[in-house]
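Enquirer: Sequence below, structure please.
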Amino acid sequence: MSEPLDLVVAERRQETADIVSLVLRRSDGAPLPAWEPGAHVDLILSDSLERQYSLCGGDARSWRIAVLREQEGRGGSAHVHRELGVGSRLHVRGPRNRFRLEPAPSYRFVAGGIGITPILPMLKAATSKAATGDWSLYYGGRSRQSMAFTEELAADHPADRIRLCEGPLDLPEFLSGLRPGELVYACGPESLLTAVAAIVPPEALRTERFSAPQAGTTGNTVGNTAGNTPFEVELARSGRTLTVAADQSILATLQRAGVEVLYSCTEGTCGTCETDVLSGKVDHRDSVLTPQERACGDTLMVCVSRAKEGRLTLDL
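Expert: Residues are numbered from 1 along each chain as shown. This is a model prediction of the structure:
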């Protein structure tokens with residue numbers, strides 16, 4: 001397992017009434033691990049509280065994140081807003097990236113609310129990664145006051161590439177006429193991602209989710225054990241074979257057997273528990289892997305995915 005970094009909050013800024021941004025640095029100012037747009041880090045807020053946040057800026061010696069206070073959240077955002085100020089110390093693991101900006105002739109970016117965070121650093125990179133330097137952004141929120149980084153966007157990018165919207169986005173109009181090879185990157189509420197996925201072909205779409213998808217979008221919903229059957233997991237490095245019960249995940253089975261695996265969300269959305277598959281057919285239930293990666297079947301998220309038949313051999 002990678003050792004977490006001991007970082008300090010160097011800056012804190014209230015971006016909107018409900019969004020705060022934090023700049024994290026080492027206390028001695030030493031460089032941080034390199035990262036690319038789309039990466040996220042794990043904030044270890046307490047022994048039982050760990051959350052993932054996208055990197056939305058920074059440099060060789062700093063990382064910036066932005067956190068939305070979620071009224072119906074599980075405690076992570078409330079902790080950040082309430083407890084973390086300038087000078088606060090915390091452990092951070094990462095960065096990790098399952099939302100990389102791939103080379104393409106052009107891009108269209110769709111962001112809803114706090115979904116702007118992973119896309120923000122992609123915009124500058126898109127100018128160099130796109131064969132034509134061509135990209136456009138459609139960014140929506142409940143109101144202009146609820147949308148973070150609008151002034152930064154206006155200062156850093158040409159106005160004709162950015163469209164801001166209060167209320168529902170006109171996705172069919174923005175996403176019409178996709179060109180060969182053009183990629184669409186989308187991040188935001190599940191309802192937005194579902195709407196984008198209904199328009200954009202899977203091979204052209206890259207998404208990042210903050211929560212598990214609804215039934216029918218990427219397989220079974222988290223916690224749905226109906227129709228599950230037991231299967232075996234062989235651990236190639238130790239030679240052990242474990243039985244995964246119908247009502248348990250691979251992750252829970254590994255933990256019960258004392259096998260240490262890095263994990264975080266337990267919903268198949270963050271990619272932390274990604275594990276190499278050496279043999280066997282995978283029933284993918286995550287929302288991280290692309291259709292092409294699923295077809296390869298050489299990796300899975302042990303928190304939600306299962307075996308399609310019999311047994312899986314994992315690189316553990």
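
Enquirer: tell me which element the spatially closest residue to residue 14 that is not a sequence neighbour falls in.
Expert: Spatially, and ignoring its direct neighbours in sequence, residue 14 is nearest to residue 20 (5.6 Å; CB to CB, 6 or more residues apart in numbering). In this view, the C-beta of every residue, glycine as well, is placed from N, C-alpha and C. Residue 20 belongs to strand 19-26 when elements are defined using DSSP states H and E.

Enquirer: Show residues contacting the helix or strand just after that strand.
Expert: Later in the chain than strand 19-26, the nearest helix or strand by DSSP H and E is strand 40-46. Residues outside strand 40-46 that contact it (CB atoms under 8 Å, 6 or more residues apart in numbering) are 4, 50-55, 63, 65, 76, 79-80, 83, 90-97, 99, 118, 264, 270, 272.

Enquirer: Just the buried ones among those residues, please.
Expert: 4, 50-55, 63, 65, 76, 79-80, 90, 92-97, 99, 118, 264, 270, 272 (16 or more other CB atoms under 10 Å).

Enquirer: Could you tell me how far the strand holding residue 20 lies from the centre of the chain?
Expert: 18 Å (CA atoms, centre = their mean, to the nearest Å).

Enquirer: That one pairs with which strands?
Expert: strand 5-14 (antiparallel), strand 62-68 (antiparallel) (DSSP bridges).

Enquirer: Output the first one as CSV - backbone C-alpha positions only.
Expert: Right, strand 5-14. The C-alpha coordinates for strand 5-14 follow below in CSV (Å, rounded to 0.1, in the frame of the first residue of the first chain):
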residue,chain,number,x,y,z
LEU,A,5,1.6,12.1,2.6
ASP,A,6,1.5,14.5,5.6
LEU,A,7,0.2,17.8,4.2
VAL,A,8,-0.9,21.1,5.5
VAL,A,9,-3.7,23.4,4.4
ALA,A,10,-1.8,26.5,3.1
GLU,A,11,-4.8,28.4,1.7
ARG,A,12,-8.5,28.3,2.1
ARG,A,13,-11.0,30.2,0.0
GLN,A,14,-14.8,30.3,0.0
